[in-house]
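Enquirer: Quick check, what structure comes out for this input:
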Amino acid sequence: MKKILSLIVAVLCLSFSQGFSQQTSKAETNRMMDLLNKLEGTYQVQIIDSRELPAIPLSLMDTIVAKRDQEITQYVWLKSNIRVKILSKKEITSPSFKGVARVEYINAAELN
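Expert: Next up, the predicted model:
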């Protein structure tokens, strides 16, 4: 009887932990999607000398928030030919700010 009770408790605990994990995962995905929408126009994925389609991980949104500077535009490299341009807080709070396209294809000669 103790073995059966222990088995039932173990199964219930496992079921609960899987359900909790799925809820946490869904909540994290929702948080990232909200952040993705909030950050729209304040960063740009730049593909250099290529026409490949970039895979943009949602975790990049946290990196953008962490790396954004008050005054200086920052760049984060995802691959040797893909970087993310993160506009400064000063630029995005400017009254004349228009936003940038999410993806831009550029030549290496255009890099600054």
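
Enquirer: C-alpha from now on. contacts and neighbour counts both.
Expert: Noted.

Enquirer: Quick one: mean pLDDT for stretch 88-101?
Expert: The pLDDT scores in stretch 88-101 average 95.

Enquirer: mind giving me the domain ranges of the chain?
Expert: If you go by automatic domain parsing, the domain ranges for the chain are 1-39, 41-112.

Enquirer: Those domains: lowest mean pLDDT?
Expert: Of all the domains of the chain, the minimum mean pLDDT falls on domain 1-39 (a mean of 63).

Enquirer: Residue 64: how many residues sit nearby?
Expert: Around residue 64 there are 21 other residues, counting by other Cα atoms under 10 Å.

Enquirer: buried residues in stretch 46-64?
Expert: 46-48, 61, 64 (16 or more other Cα atoms under 10 Å).

Enquirer: starting at the chain centroid, how far to that stretch?
Expert: 9 Å (Cα atoms, centre = their mean, to the nearest Å).

Enquirer: so how far does that stretch reach from one end to the other?
Expert: 14 Å (Cα to Cα, to the nearest Å).

Enquirer: same deal with stretch 79-98?
Expert: Stretch 79-98: ends 27 Å apart by Cα to Cα.

Enquirer: contacting residues around it?
Expert: 41-50, 54, 64, 67-78, 99 (Cα atoms under 8 Å, 6 or more residues apart in numbering).

Enquirer: thinking again about what came up before, which of the buried residues of stretch 46-64 sits closest to residue 31?
Expert: Checking those against residue 31 with Cα to Cα, the nearest one is residue 61 at 10.0 Å.

Enquirer: Tell me who's in contact with the closest one.
Expert: 32, 35-36, 39.

Enquirer: ok, back up a step: which two among the buried residues of stretch 46-64 are spaced furthest apart?
Expert: 48 and 61 (20.7 Å).

Enquirer: what about residue 86, neighbour count?
Expert: The burial count for residue 86: 23, using other Cα under 10 Å.

Enquirer: just the one 4 residues further on next, same as before
Expert: Using other Cα under 10 Å, residue 90 is surrounded by 13 other residues.
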